[in-house]
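Chemist: pasting the structure only:
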């Protein structure tokens, strides 16, 4: 398979006797009368939530993250619980957490129920890929970590950044028509429609997602649909561009070579975390994409101002 985006990350590491020992100890302590509560230990099962935790200055509590949590680089030193939709109770409990933050798509549900039965709080947080949804997500994470004041400060800061990027993009006479390409584990071409983080990102950057009206979230992309969409620009992740061996590899997918973007060889690549995570760096992501699309009237409007 060419490459894997966050939706096809590997599962948690294989079971080990050490994991089982940690599980048994954790269960014993949680059931022992008069046991002293464990020190606060947090696991984040969402890349954007992890970024929020760091932005709130509460990263010292983190003991584990899922494979979508790739930013900041310091996350690499934390324990991994695998891909957010293919969690295991053993992998989660092996880190002896007292709080797990996850979005509603995390699971399987029976695994999270097992973790709850072991006495660990699992808190589900909102995950709508809109500025309003991001505010709700920040508030939920901040409340879970007793960092409400920091949460409001972060919401205000992100709001100012989004206002600046909106002014910097301004009124675009003809928004560039953008098609997002993602190739998942089995080599099937996918794109993104309304509800996907990249859809909102394209619009914040002054572009038009050509599949906004016809597709919801991430769905397979046929050559016929790509050709009918007639994009001016093809957007991919840096990882995809590398794994597909450059622009020629991208244009070899889903009939893209025959589109206006393919004929002009107009391919833009952004960091995966910026594309897939609707988190506190969303304004920076929009500014970077707008710069590539040519819709930015005032460069430097967001980055470095807060």
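Modeler: It's in. Computed from a predicted structure; not experimentally measured.
Chemist: buried sites along stretch 53-66?
Modeler: For stretch 53-66, the neighbour count (16 or more other C-beta atoms under 10 Å) marks 53-56, 58-59, 61-66 as buried. C-beta: built from backbone N, CA, C; applies to glycine.
Chemist: what's next to that stretch, contact-wise?
Modeler: Residues from elsewhere that reach stretch 53-66 (C-beta atoms under 8 Å, 6 or more residues apart in numbering): 9, 40-47, 50, 72, 74-75, 78-84, 87, 92, 95-97, 101, 106, 141-142, 145, 147, 150-151, 154, 280.
Chemist: before we move on, back to that, JSON lines please, covering the buried residues of stretch 53-66 and showing secondary structure.
Modeler: What follows is the buried residues of stretch 53-66, written out as JSON lines (DSSP: H, G, I helix; E, B strand; the rest coil):
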{"residue": "53", "secondary structure": "helix"}
{"residue": "54", "secondary structure": "helix"}
{"residue": "55", "secondary structure": "helix"}
{"residue": "56", "secondary structure": "coil"}
{"residue": "58", "secondary structure": "coil"}
{"residue": "59", "secondary structure": "helix"}
{"residue": "61", "secondary structure": "helix"}
{"residue": "62", "secondary structure": "strand"}
{"residue": "63", "secondary structure": "strand"}
{"residue": "64", "secondary structure": "strand"}
{"residue": "65", "secondary structure": "strand"}
{"residue": "66", "secondary structure": "coil"}
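Chemist: could you pull out the strands for the stretch 151-300 of the chain?
Modeler: Counting by DSSP state E, counting those that start in this stretch, one finds strands in the stretch 151-300 of the chain at the ranges 177-180, 182-183, 189-192, 208-209, 218-220, 233-237, 267-270.
Chemist: What does the pLDDT read for residue 230?
Modeler: Note on residue 230: pLDDT of 97.
Chemist: which ones are touching it?
Modeler: 177, 210, 259-260.
Chemist: Looking at the residues you listed, which one is closest to residue 226?
Modeler: residue 259 (6.1 Å; C-beta to C-beta).
Chemist: dump the residue contacts of that closest one.
Modeler: So residue 259 contacts 179, 226-227, 229-231, 234 (C-beta under 8 Å, 6+ apart).
Chemist: By average pLDDT, which secondary structure element in the chain comes out worst?
Modeler: Among the helical and strand segments of the chain, the one scoring lowest on mean pLDDT, DSSP states H and E is helix 17-31, with a mean of 43.
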